[in-house]
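Enquirer: Build the 3D model from these lines:
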Amino acid sequence: MGDFSIIWHVIGFLYAIGSMHRLQQAVALSIALGCESIIVNQGVKRLFRRERPTTSGDDRFDLRTPSTSSFPSGHASSATVAAIILVTFTGMPWAILWVAIAIIVAMSRVVVRIHHMSDIVGGVITGAVLGAIIAPIISSIIG
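Expert: Numbering: from 1, shown residues only. Next comes the predicted model:
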């Protein structure tokens with residue numbers, strides 16, 4: 001569900017239907033998620049190189065094996081960044097929905113044994129920091 005942040009790109013472009021301003025916001029969300037992915041997957045994960053649970057225990061689900069380190073969870077990080085940016089765009093009435101989707105995406109990684117719970121916590125913290133930096137930048141550029 002969260003691979004390549006597809007769910008967030010789809011949400012962004014559904015949100016954009018009928019409005020050029022919202023389309024700009026959706027494009028900004030996609031660019032932000034691309035930046036987050038580079039920072040987390042090519043930067044932060046290389047610092048830790050933590051083994052994934054699926055390589056040290058039983059494989060409960062037949063999923064592709066990620067090639068990056070387990071810590072922090074990129075899915076949890078991108079979900080947190082997306083939720084923060086979407087709340088910035090849509091306001092608090094939608095916050096519960098964006099946070100709920102982010103929690104589902106993040107927790108699914110533990111359920112399928114791709115991440116340890118501490119990877120999720122690390123991903124949420126990483127995403128919160130990145131979201132707190134990125135959201136105001138987007139707002140100042142496109143409003």
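
Enquirer: number of nearby residues for residue 91?
Expert: Counted with other CB atoms under 10 Å, residues neighbouring residue 91 total 9. Every C-beta, even on glycine, is put in place using the N, C-alpha and C of the backbone.

Enquirer: what do you get for the one 5 residues further on?
Expert: Residue 96 is flanked by 10 other residues according to other CB under 10 Å.

Enquirer: That one sits in which helix or strand?
Expert: Per DSSP states H and E: residue 96 is located in helix 95-111.

Enquirer: next one: residue 46
Expert: In the assignment (DSSP H and E), residue 46 maps to helix 45-48.

Enquirer: residues making contact with that helix?
Expert: 68, 69, 70, 71, 72, 74 (CB atoms under 8 Å, 6 or more residues apart in numbering).

Enquirer: For those residues, which single residue is the most surrounded?
Expert: For the contacts of helix 45-48, the largest number of neighbours (other CB under 10 Å) sits with residue 74, at 28 neighbours.

Enquirer: hang on, the earlier thing: average pLDDT for the helix holding residue 46?
Expert: Averaged over helix 45-48, pLDDT sits at 92.

Enquirer: Which residues belonging to it are considered buried?
Expert: Buried residues in helix 45-48, defined by neighbour count with 16 or more other CB atoms under 10 Å: residue 45.
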